[in-house]
Every structure is written in structure tokens, then in C-alpha cells.
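Undergrad: test case, fold it:
(4 chains)
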2 protein chains.
Amino acid sequence: MPIRSSRSTIVDVAELAGVSRQTVTRALNGLADVKPATRERVVAAARTLNYRPDRAAQSLVRGRRTTIGFVVDDLTNPYFAELGSALSREAAALGWSVLLCDVGSEADKGRAQLTTMTDAVDAVVMTGCRSDTFSMLPDEVVQGDGVRLPIVMIDGPEHPRLDARVDLDLAPAITAALDHLRRDGRRAIAFIDSTEGPDDRRTIHRDYLEAHGLPGREWPVVAGEETIAGGARAADDLLARVEGVDAVLVYNDVMAVGVLKALTGAGRSVPSEIAVIGIDGLELGRATTPELTSLAVDKGAVARAAIAAARSALEPVAGAQRGGSSSARIGLQLVLRGSA
Amino acid sequence: MPIRSSRSTIVDVAELAGVSRQTVTRALNGLADVKPATRERVVAAARTLNYRPDRAAQSLVRGRRTTIGFVVDDLTNPYFAELGSALSREAAALGWSVLLCDVGSEADKGRAQLTTMTDAVDAVVMTGCRSDTFSMLPDEVVQGDGVRLPIVMIDGPEHPRLDARVDLDLAPAITAALDHLRRDGRRAIAFIDSTEGPDDRRTIHRDYLEAHGLPGREWPVVAGEETIAGGARAADDLLARVEGVDAVLVYNDVMAVGVLKALTGAGRSVPSEIAVIGIDGLELGRATTPELTSLAVDKGAVARAAIAAARSALEPVAGAQRGGSSSARIGLQLVLRGSA
DNA sequence: GGTCGAACCGTGAACGTTCACGGAACTGAT
DNA sequence: ATCAGTTCCGTGAACGTTCACGGTTCGACC
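TA: Sure, this is the predicted structure:
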């Protein structure tokens, strides 16, 4: 008997059990029309061969399952985790599956991960991507000469290749937050960003300051990394360089928590001396004292919009809307907790 | 021309472009031996039909990809998020994919999700599962008459069906933490659990108290839910019922952060009056003031062990070790930050 | 005009599983 | 002994794609 090095198939089991393919199928899938003795023989054969049905072959014949890939910079960031959670449930409601891909920091590994993901998936949902995850995509996917793998981008940079976008409606939200601060008599409202690259949140903030004749355009602060520690460093930096700041708007909640910590650590009381507002509305914001006021994102809504976008891009109807990238906007809500 | 309601296949494209399957393959996959004009015709046909290659058929013929399912109670818990992140990268190193499944609270939906997941996956990695996720698995999977889908459990309840376990080596770690507290002169060391069910951490704690003649066995505190708010409530409860507690060990970091907040909120200073130690070693523990001391879990190590276990369970070598469930133990490290 | 090589394209077969159908063997009653 | 009815099992075909091979066309060159 020749040694089969590769994985054993259903016919191997059939031969060993002395039956046909079909009987093996019946026996292993618990169908009727199999004599108990035969079933046992088949099961035993499957066990000794460590037989495992090929999922690809199964789903080929049983019908198509759609799988979407969820690409994140860093699942460790609770915002992305909450988003992934919502996406997983939303996809499940349609019978879809979600393939997770945490590309992380190392660009080369990220590339490899994305290639294996993209050819196992019917559509891609990317998010964040301030580090340019998009350019890590395999060339054949991004140029898409042949078949375009649908890509929907959540709150990330623009790109002609995208099939759909889900954006946060930041302008009214940030305006509301700043209005709130101004009503409280705050005048010196700084903004702490995560990187120096172009950023809607920062420009909205700056435009607001200009429109209302407030100071602060000259206080660009950059955390460098979207972590608690990064936020804390940025806050220390801000305190060291600027006098009289009485409010801070922060790029996201994770960094805002760091800011909060650094401020109280430096003896500034929050919110009486300095108010802090974050963006995302994470559960994490409940961990601090005072709790973090934030512009909350409805992650369920974002996930629903993303899934809907992927769905319509996958629609079998021949689209005259080729290249007509759809776009959804999700509002944010100012949730007042303790910090502002 | 009959209207095809289902998804279009490669032969549809071939017919529309007036070529053969193979030429379509060549054109769309960017291979050689296609005249530019023909390629364009094929691409155009694919576009109008919104053709999308069947991933199942592709991977059937191109070769097998292994996919593992990652089952979590709640990805919102940063511990599981960090674990998922590690798992994703570890799997990627082998060219594997990770299917995410956040079963959440609703048992019925969880059931449905798990069935669609389990038949798209070559192995399952479950974790947490204090809420009995295991019993949500479809019957044919859990009884596994025919082919056993490998299941590896991370730090969850025992079950004869499991193929492998990855456990946290809690006893020495918790002992180290309690030793540390005792060296600091703490005597009244409470434990805050998440549920009332059987739990290693609680029993290790109680055994330690007994062994060292410390009080506290009579202070069972249960948070109910593994959240910051749950931990806070539990701490309030503890303060209201017991006098003189000078240290608290908490089931996990998320709850411990809530405990920390409740204690400082109630005017107790940490760590001078009461020390707090959590379990998990999350980044979240850096958000508080003081930062949370914790028994840190190396999530990368856990993920590696889980992947390795799945790998060996999938090994094509006929195993005489059928049912011989492997088991790995991962140590924890006491990381001293501010709270103890 | 024949030969040769390149460029381009099509035809079976295969991947591993399940579905639809039909056939054999066995039962029990007429 | 015949028949009908179960019970059990096997044989082609199909799912949609790619691989290996072979064929045709075309131009160029002797």
C-alpha cells in the first residue's frame, strides 16, 4: 500500500471501509439509509485516516457562502474591537462570515497577510488606515484590471479604487462639542492629533477657532501613536509649551484617556481647570475619574452601513453604476460624562 | 436570452466574450498568451456580468487553505481583543486565516452564528466561555460521531469533547500576588469574582487564605458582569458589607478598573488604604490613576500555544492519540504598577 | 513553398464533495 | 414462487475553477 503523504479524501475512507463515497457521506453526515454496522466501519476508517472533509469542496457543491475580510491596523485599540464585534454580529445576521486581519505595524508581514486574506474573501472592509494599510494590498487587488474585489473603507483616506465609503459626520459633531466648551466659557481649546498627516478632525477644529476668533491655531500637538501613553506624552508636551489652555479636544478616546491621566498627574483638575473631550465613545472612557466626555460613534450603525455597502457591491445585478462609489455618513453624539 | 438570476460563472463571461473558459482565466488573472484586444473584451464582459470568481472553487483547485474559527463571548473585552490580535498574526505566520465569531449575549443568535462558522472552518479556538458558549455549538459538532472538528479551549471549562486546552497557570501566579500583598502587611484580602459558578481563581484565593490563617473566606463578592461598571458595583457592595478590607484581588483587569474607580470614588486612597490587583495585564490598566497592578498574561504565548495545538490536531498523521487531548500551561507575571 | 517558431487559443481532466437516481438484497405476505 | 415494500448501497453527474496539453494561425526566413 503506497503511503499517501497528502491529506486523505473521502475515497480513501471509502476504500478502507469497503464502501462507496456516497455511503461515507451518509455515514459521516448522519443521514439515513446506512446500516449501523456499516456506519461504524466508516467512522472507524475516518478516524484512523484522520479524515477531514475539504471545506472548499463542500461549500462548492453545497452553495456559496460570502465571506468578508475585516482589515484593522490594531485590534488592540478598543474602537476597532467594538467595531469588529458589531461587524461580526451584523454579518452573522446575513449568514456571512468575517475574516479577521490585524495587519499590525510590520509592513512586510501585513502585505503577506493581506494577500492570503484577499484571495479567500468576497469583499473587504477596511478601517482606520492612518498608517497606509491600503497600499499594502496586493497589486492585482488594488489595480483591479480584471475583477474588482469590492472594498469599503470606514473613516479612512480617499482612493479612486474604493467601491464604497462609510464616513463619520464629524463637522457637526465637533462643532457641537466646541460649542459646548465655549458655552462653558472655555476660550483656549487645543487639539491633540495622532499624526501630522492631513486630518479632517484637526481642520474642522482649526476652522472653528478661526470662525470664532479663538486662539490656538499655533498649538499643533501630535501624539505619534494612538495609545494611552501617546496621549499622555502629548498632553505633557502641550502643558510644557502653552500657558492657559482650558480645554482639549483629542483625536480619539484612547489618547484622550492618556491626556486625562497626564493632566491630573500634573495637578490640573479636570474639568474645572481643563476640560477634555474625546472621540469614539468607548466603554474605556468609563475607566477614568472623571469619566471621559466624548463624541460617541454608533458602531452598530457603522457596521450595518459597511455590510450594506458590501452587499450592494456584491449584488449580481449588472451595475451601470460601475465605479459609482456609494457613501454613507454616520452621525456622532456628544455624550457628557465628567470630563467636560 | 434567458435571464440568469444566479451569479454568473466563468463560462457566462466566456460566451459573452466569445472565447473559452481558459482564455477568461488568463485574461482576468493577468497571465500571458492573451491578445490585448481579447483581454479587453473579456474584462468588459466580466464587468457587465459583474462576474466574481467563486472562492470555493478556486481554493478547491488551487490547494487547501486552513481556516480556524475564533469564538469569543465578547470582543469588546480588551483581553479577548488582544488575544484575537495575537491569534490573527500568529495564524498569518502559517498562512492560515482566522474567522471571527463574537457570539455575544443572545443565545439563539449565538447558536446560528456558530453553525455557520463551524462549517466553514477547519478548527475552532474558543476562549472565555464562562457563559456556556460550548453548549451553543451545533450538536453534530459537539458529539462528533463522524468527523471531529478539532476544538481547542483557552482558559475555559473542561469538557470531554475538547481536543486540546491552553490553560493559565494561575496557582503560582495568584500565590505570588498574595505573597506580595502579605509582605506589604495586608491581612484582609478580598476577592471579587465575575460569577458564582466554579472558578479556579476564587478557590486558589480561598485556599491561600486558609493556609495562612487569613480572614475573608466569608466575603464572597460577585460582579455579575465582566465590565467596568460591574466591578465598580461589586466594590461598592464590598465596602458596604465589610469593614477593614486592605486589599482586593479581582477576577480580571476590566473589572479591577471598575473596582479602582469605585474605591477612589468612595474616598479610599489606593494603594495606601486598599491595594488592588487585577488579572490579565491589559493596556487598559494604564488608563487609571494609579495604574493597575496585574497578573499579566502573555497573549502572544497563549495564541502560539493555541495555534500549535490546532496544528497538531489537524496533522494528517494517523493518530493513535485519538482523544488524547493535549494541554499547555502559560504562566502569568506579576506586573507592579501603582495600585499594589 | 516549405519550415520553424512565436503568439494565441481551446479541450479534456482534475480538485473533493454532494445530489439525483437507480439497482440490489432482503423481508414478509399472498 | 411471485410480488410489493423496505432497507441499504453504488454510479454518474454536477458545482466552478485551474492545469496540462495540444492545436491553430500568422509572419518570417531560407
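Undergrad: can you give me the strands in the stretch 1-150 of chain A?
TA: For the stretch 1-150 of chain A, applying DSSP state E, counting those that start in this stretch gives strands covering A:67-72, A:97-102, A:123-127.
Undergrad: residue B:226 is nearest to which of these?
TA: Among the strands of the stretch 1-150 of chain A, the nearest to residue B:226 by Cβ to Cβ is strand A:97-102 (21.5 Å). Yep, even glycine has a C-beta here, placed from its N, CA and C like the rest.
Undergrad: about what we covered before: tabulate the strands of the stretch 1-150 of chain A (a markdown table), appending mean pLDDT and distance to DNA strand C.
TA: Formatted as a markdown table, the strands of the stretch 1-150 of chain A follow (pLDDT from 0 to 100; distance: least, Cβ to the nearest atom of the strand, whole Å):
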| stretch | mean pLDDT | distance to DNA strand C |
| --- | --- | --- |
| strand A:67-72 | 95 | 18 |
| strand A:97-102 | 94 | 18 |
| strand A:123-127 | 93 | 23 |
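Undergrad: need those strands in JSON lines (columns: distance to residue A:158).
TA: JSON lines is the format used below for those (distance: least, Cβ to Cβ, whole Å):
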{"stretch": "strand A:67-72", "distance to residue A:158": "17"}
{"stretch": "strand A:97-102", "distance to residue A:158": "21"}
{"stretch": "strand A:123-127", "distance to residue A:158": "13"}
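Undergrad: wait, residue A:53 touches residue A:13, no?
TA: No - taking contacts as Cβ atoms under 8 Å, residue A:53 lies outside contact range of residue A:13: 9.8 Å.
Undergrad: now the stretch 151-300 of chain A, which segments are flagged as low pLDDT?
TA: A:217-218, A:220 (pLDDT under 70).
Undergrad: so for residue A:317, what's the pLDDT?
TA: Looking at residue A:317, its pLDDT stands at 58.
Undergrad: just to revisit the earlier point, what about residue A:53 and residue A:13, which has more around it?
TA: residue A:13 (27 against 20; other Cβ atoms under 10 Å in any protein chain shown).
Undergrad: that one and residue A:43 touch, don't they?
TA: No - between residue A:13 and residue A:43 there is no contact under Cβ under 8 Å: 9.3 Å.
Undergrad: list the residues that contact residue A:93.
TA: residue B:109 (Cβ atoms under 8 Å, 6 or more residues apart in numbering or on different chains).
Undergrad: and with 10 Å instead?
TA: A:304, A:307, B:109, B:112, B:113 (Cβ atoms under 10 Å, 6 or more residues apart in numbering or on different chains).
Undergrad: so what's the last one closest to, chain neighbours aside?
TA: It refers to residue B:113. Nearest non-adjacent residue to residue B:113, counting by Cβ to Cβ, 6 or more residues apart in numbering or on different chains: residue A:92, 4.2 Å away.
Undergrad: can you give me the distance of that neighbour to residue B:137?
TA: 15 Å (Cβ to Cβ, to the nearest Å).
Undergrad: next: residue A:336.
TA: For residue A:336 relative to residue B:137 (Cβ to Cβ), the value is 43 Å.
Undergrad: what is the burial count for the residue nearest to residue A:59 when sequence neighbours are not counted?
TA: Leaving aside its chain neighbours, residue A:59 sits nearest to residue B:56 (4.4 Å; criterion: Cβ to Cβ, 6+ apart). When neighbours are counted by other Cβ under 10 Å, residue B:56 registers 23.
Undergrad: more crowded one of residue A:336 and residue B:137?
TA: Neighbours per residue, other Cβ under 10 Å: of residue A:336 and residue B:137, the larger number sits with residue B:137, 24 against 12.
Undergrad: so what's the nearest residue to that one once chain neighbours are set aside up against?
TA: Among residues not flanking residue B:137 along the chain, residue B:114 sits closest, at 5.5 Å (Cβ to Cβ, 6+ apart). By Cβ under 10 Å, 6+ apart, the contact set of residue B:114 is A:92, B:69, B:71, B:101, B:103, B:124, B:126, B:133-134, B:136-138, B:141.
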